[in-house]
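Engineer: Quick check, what structure comes out for this input:
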Amino acid sequence: MQDPAYVGVAVMAMQGRPGYTRIRTPYVSDTDAARVAEATSHLTADPDLCLDTLLHSTGRTATPAPSLTK
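Structural biologist: Next up, the predicted model:
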């Protein structure tokens with residue numbers, strides 16, 4: 001849904017219903033979005049660090065991924 005008419009619209013699959021359902025979300029100001037992002041930032045984790053911790057706990061190692069930068 002790549003059109004200005006669909007700003008604030010998302011689609012989701014609903015359990016027990018075929019196809020997708022279109023949902024609309026209320027407007028959230030940049031200030032409120034930044035406040036919520038800051039307040040919940042401690043709930044995020046770097047997937048690479050999680051994998052490193054898991055592999056370390058099992059005695060395994062990961063093959064380093066190629067760099068994404070040139």
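Engineer: Could you use CA atoms for every contact and neighbour count after this?
Structural biologist: Will do.
Engineer: Can you read off the pLDDT for the residue positioned nearest the centre of the chain?
Structural biologist: The C-alpha lying nearest the average C-alpha coordinate of the chain belongs to Thr44 (C-alpha atoms, centre = their mean; 9.6 Å). On pLDDT, Thr44 comes in at 90.
Engineer: With Leu68 instead?
Structural biologist: At Leu68, pLDDT is 75.
Engineer: That one in helix, strand or coil?
Structural biologist: coil (DSSP: H, G, I helix; E, B strand; the rest coil).
Engineer: Any idea how many residues pack against it?
Structural biologist: 5 (other C-alpha atoms under 10 Å).
Engineer: repeat for Thr61
Structural biologist: 13.
Engineer: swap in the one 5 residues further on?
Structural biologist: Using other C-alpha under 10 Å as the criterion, Pro66 is surrounded by 6 other residues.
Engineer: quick one: contacts for it?
Structural biologist: If you count contacts by C-alpha atoms under 8 Å, 6 or more residues apart in numbering, Pro66 has none.
Engineer: pLDDT wise, what is Pro64 at?
Structural biologist: At Pro64, pLDDT is 67.
Engineer: next one: stretch 44-54 to chain centre, how far?
Structural biologist: 15 Å (C-alpha atoms, centre = their mean, to the nearest Å).
Engineer: And it, what's buried?
Structural biologist: Residues of stretch 44-54 include none that count as buried (16 or more other C-alpha atoms under 10 Å).
Engineer: Just the CA trace of it, in CSV.
Structural biologist: Only the C-alpha atoms of stretch 44-54 are listed here, as CSV (Å, rounded to 0.1, in the frame of the first residue of the first chain):
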residue,chain,number,x,y,z
THR,A,44,15.7,-3.9,22.5
ALA,A,45,18.7,-6.2,21.9
ASP,A,46,21.3,-6.4,19.2
PRO,A,47,20.7,-9.8,17.4
ASP,A,48,24.5,-10.2,16.9
LEU,A,49,25.1,-9.9,20.6
CYS,A,50,22.3,-12.4,21.4
LEU,A,51,23.8,-14.9,18.9
ASP,A,52,27.3,-14.4,20.3
THR,A,53,26.0,-15.1,23.8
LEU,A,54,24.1,-18.1,22.7
